[in-house]
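Student: 3D model of this:
(chains A and B)
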Protein chains: 2
Amino acid sequence: MIPADQHLNIGSVIFDGMDQIDFTGPFEVLARIPNSTLHIGSKTLDPITDTRGLKILPEKTLEDMPKLDILHVPGGPGQEDLMEDEDYLSFIRTQAEGAKYVFSVCTGALICGAAGLLRGKRATTHWAAMEVLPYLGAIPLTDRVVIEGNYYFAGGVTSGIDGALKLAADIRGDDAAMQIQLYMQYHPEPPFDAGTPDRAPAEVVERSRNSVKELTARRIETAKRIASKLDLPYGGKA
Amino acid sequence: MIPADQHLNIGSVIFDGMDQIDFTGPFEVLARIPNSTLHIGSKTLDPITDTRGLKILPEKTLEDMPKLDILHVPGGPGQEDLMEDEDYLSFIRTQAEGAKYVFSVCTGALICGAAGLLRGKRATTHWAAMEVLPYLGAIPLTDRVVIEGNYYFAGGVTSGIDGALKLAADIRGDDAAMQIQLYMQYHPEPPFDAGTPDRAPAEVVERSRNSVKELTARRIETAKRIASKLDLPYGGKA
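Tutor: Prediction:
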């Protein structure tokens, strides 16, 4: 809990190729945390285009972002570019150092890893990217939300909603988080029990794995390059 | 089910004061329906600003939207203005007439009602706006997703994700919908059982009801004006 009268600067980083709901899911929660301001930052002020084409406008360049109390890093296929973009990485590294909480969603964890922030940490990410985490020095867990010190890691895509509510509760108390959850009418009723690879029918999982095979291979290659640059243990062995 | 080789035009209407996740939740699903194109329309090409400040860019003006197979109408406090904006209403009325499916989320149902589309239909909306539905000729249900003929009504805010997955399944089959659900890692674990007024603690519900009291009163006034204009039964009696 953070004292209710202490104003919080929350900041989300958005970028091309992001999966929009890694950002918009948590936004729905974070933008309603009492006594806080949410800032949306990107490299430039141009609209970013999500992996399915949705265009969202940032409010600030990375340089113009204030010192953040909570840093939110979404993921999506565009995470690949950010993992080798020093402007984003140094922003994330610097902000994470001063932040009370760092919150990654989906493959946002890989970006944090590329910034050197995952060394020895238990973490999670999208199920299809789980095998990339060890290259970045992290210990992968399949929990939907992993809390490691002041780091909150949400798994794939919609996990960010659960992670953000958990974070809201830890920052402002259960009542504040429940009020946001009630407003959002977040009493999910998924039509299928197919939200994780161990639950979905085998043939659905196989088709999904095949469709992301190349992306996963690319992510591993990127992670290997970074691991050797950052001198991370697994990368050294690979 | 619609034959897999039949291309579908899906269209979302976005507007100022929308609750962004009424749109972005379903977007995550609808933009992944096989053999379809998702179009994002608004009155002008200017970015819209959601109720908490998020700016999203439309792709097309309403006039430039193609004939839609699926019409998606999100909600949010901004629905008030749309309910008396003939440009939006006539767009929705015309598209709904030719569409295979109409899909409203949250108070998007009230907009559909203002377009005269809810007469005698069972429908749902955000819990805080439920009492507005009868003024628009609808029979309110508290189900998370209500299917009435070719109309799909999702309840408040995050209900749109469940509604969109249900719709995806009915259009392209369970396997296609499960593949989207698996990609989204949609196996929700809400931190609290507080997503509906009958589940949240009484004091949380009371605070929430108080915070939307004025908005609800305004929505009822708007609905009454429209009911009398459209000569809807309840409005006549009120």
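Student: list the contacts of the closest residue to residue A:130 other than its chain neighbours.
Tutor: Spatial nearest neighbour of residue A:130, excluding adjacent residues (C-beta to C-beta, 6 or more residues apart in numbering or on different chains): residue A:140 at 5.0 Å. The C-beta positions use only the backbone N, C-alpha and C, and glycine is treated the same way. Shown in contact with residue A:140 (C-beta atoms under 8 Å, 6 or more residues apart in numbering or on different chains): A:122-125, A:130-131, A:133-134.
Student: which of those residues ranks first by neighbour count?
Tutor: The residue in the contacts of residue A:140 with the most neighbours, by other C-beta atoms under 10 Å in any protein chain shown, is residue A:125 (35 neighbours).
Student: how many neighbours does the residue lying closest to that one once chain neighbours are set aside have?
Tutor: Nearest non-adjacent residue to residue A:125, counting by C-beta to C-beta, 6+ apart: residue A:109, 4.2 Å away. Applying other C-beta under 10 Å, we find 32 residues neighbouring residue A:109.
Student: sorry, back to before: residue B:150: which of the contacts of residue A:140 is nearest?
Tutor: Closest approach to residue B:150 among these (C-beta to C-beta): residue A:125, at 38.8 Å.
Student: so what's the closest one up against?
Tutor: A:75, A:104, A:106-110, A:132-133, A:140, A:153, A:155-156.
Student: for the residues you listed, pick the one with the most neighbours.
Tutor: Counting by other C-beta under 10 Å, top hit in the contacts of residue A:125: residue A:106 with 35 neighbours.
Student: circling back to that earlier point, looks like the residue nearest to residue A:125 contacts residue A:75 (just checking).
Tutor: Yes - if you go by C-beta atoms under 8 Å, residue A:109 and residue A:75 touch, sitting 7.0 Å apart.
Student: which neighbours do these two have in common?
Tutor: Each of A:125, A:129 lies in contact with both residue A:109 and residue A:75 under the rule C-beta under 8 Å, 6+ apart.
Student: so where is chain A shaky, pLDDT-wise?
Tutor: A:234-238 (pLDDT under 70).
Student: now the end-to-end length of stretch A:178-195.
Tutor: With C-alpha to C-alpha, to the nearest Å as the measure, stretch A:178-195 spans 24 Å from end to end.
Student: equivalent analysis for stretch A:183-190, please.
Tutor: With C-alpha to C-alpha, one end of stretch A:183-190 sits 19 Å from the other.
Student: show me the contact partners of it.
Tutor: Stretch A:183-190 is contacted by residues A:28-29, A:32, A:161, A:165, B:21, B:106, B:126-127, B:144-145, B:155-159, B:161-162, B:165, B:181, B:186-188, B:190, B:193, B:195-196, B:199, B:208 when judged by C-beta under 8 Å, 6+ apart.
Student: tell me the contacts of the closest residue to residue A:98 other than its chain neighbours?
Tutor: Computed as C-beta to C-beta, 6+ apart, the closest residue to residue A:98 that is not its neighbour in sequence is residue A:67, at 5.7 Å. If a contact means C-beta under 8 Å, 6+ apart, then residue A:67 has A:9, A:95, A:98 as its contacts.
Student: top of those by neighbour count?
Tutor: Scoring the contacts of residue A:67 on neighbours with other C-beta under 10 Å, the highest-scoring entry is residue A:95 at 24 neighbours.
Student: which stretches of chain A form strands?
Tutor: For chain A, strands defined by DSSP state E occupy the ranges A:8-13, A:36-42, A:48-49, A:55-56, A:60-61, A:70-73, A:101-105, A:122-123, A:139-140, A:145-148, A:151-154.
Student: off-centre distance for the helix ranked longest in chain A?
Tutor: In chain A, with assignment by DSSP state H, the single longest helix is helix A:202-230. On the basis of C-alpha atoms, centre = their mean, to the nearest Å, helix A:202-230 sits 17 Å off its chain's mean C-alpha point.
Student: buried residues, that helix. List them.
Tutor: Applying a neighbour-count criterion of 16 or more other C-beta atoms under 10 Å in any protein chain shown, one finds A:204-205, A:207-208, A:212, A:216, A:219, A:222-224, A:226-227, A:230 buried in helix A:202-230.
Student: also stretch A:72-83?
Tutor: So for stretch A:72-83, counting by 16+ other C-beta under 10 Å, buried means A:72-80, A:82-83.
Student: next up, the contacts around the residue in chain A sticking out farthest from the centre.
Tutor: Within chain A, residue A:203 marks the point farthest from the mean C-alpha position, 28.1 Å out by C-alpha atoms, centre = their mean. Contacts for residue A:203 (C-beta under 8 Å, 6+ apart) come out as residue B:175.
Student: could you check how far it is from residue A:157?
Tutor: Applying C-beta to C-beta, to the nearest Å, the value for residue A:203 to residue A:157 is 21 Å.
Student: check residue A:149 too.
Tutor: 24 Å.
Student: what do you get for residue A:150?
Tutor: As judged by C-beta to C-beta, residue A:150 and residue A:157 stand 23 Å apart.
Student: residue A:60 reaches residue A:41, doesn't it?
Tutor: Yes - assessed by C-beta under 8 Å, residue A:60 is found in contact with residue A:41 at 4.8 Å.
Student: okay, the two: which has more neighbours?
Tutor: Each of residue A:60 and residue A:41 has its neighbours counted (other C-beta under 10 Å); residue A:41 has more, 24 against 14.
Student: which non-adjacent residue is nearest the more buried one?
Tutor: residue A:65 (4.4 Å).
Student: so the one you found sits against residue A:91, correct?
Tutor: Yes - the pair residue A:65 / residue A:91 is scored as a contact, 7.4 Å apart, by C-beta under 8 Å.
Student: what is in contact with the two at once?
Tutor: residue A:41.
Student: contact partners for the closest residue in space to residue A:205 that isn't next to it in sequence?
Tutor: If the residues on either side of it in the chain are set aside, residue A:205 comes closest to residue A:197, at 4.9 Å by C-beta to C-beta, 6+ apart. Shown in contact with residue A:197 (C-beta under 8 Å, 6+ apart): A:127, A:205, A:208-209, B:182.
Student: mind doing that once more with 10 Å?
Tutor: By C-beta atoms under 10 Å, 6 or more residues apart in numbering or on different chains, the contact list for residue A:197 reads A:127-128, A:130, A:142, A:204-206, A:208-209, B:182, B:185.
Student: now do residue A:130
Tutor: A:109, A:123-124, A:140-142, A:155-156, A:197, A:216.
Student: for residue A:77, same thing?
Tutor: Going by C-beta under 10 Å, 6+ apart, the list of residues near residue A:77 reads A:16-19, A:50-51, A:107, A:212, A:215, A:218-219.
Student: how about residue A:69?
Tutor: A:2, A:6-11, A:36-37, A:95, A:98-101, A:171.
Student: swap in 8 Å and give it another go.
Tutor: A:2, A:8-10, A:36, A:99-101.
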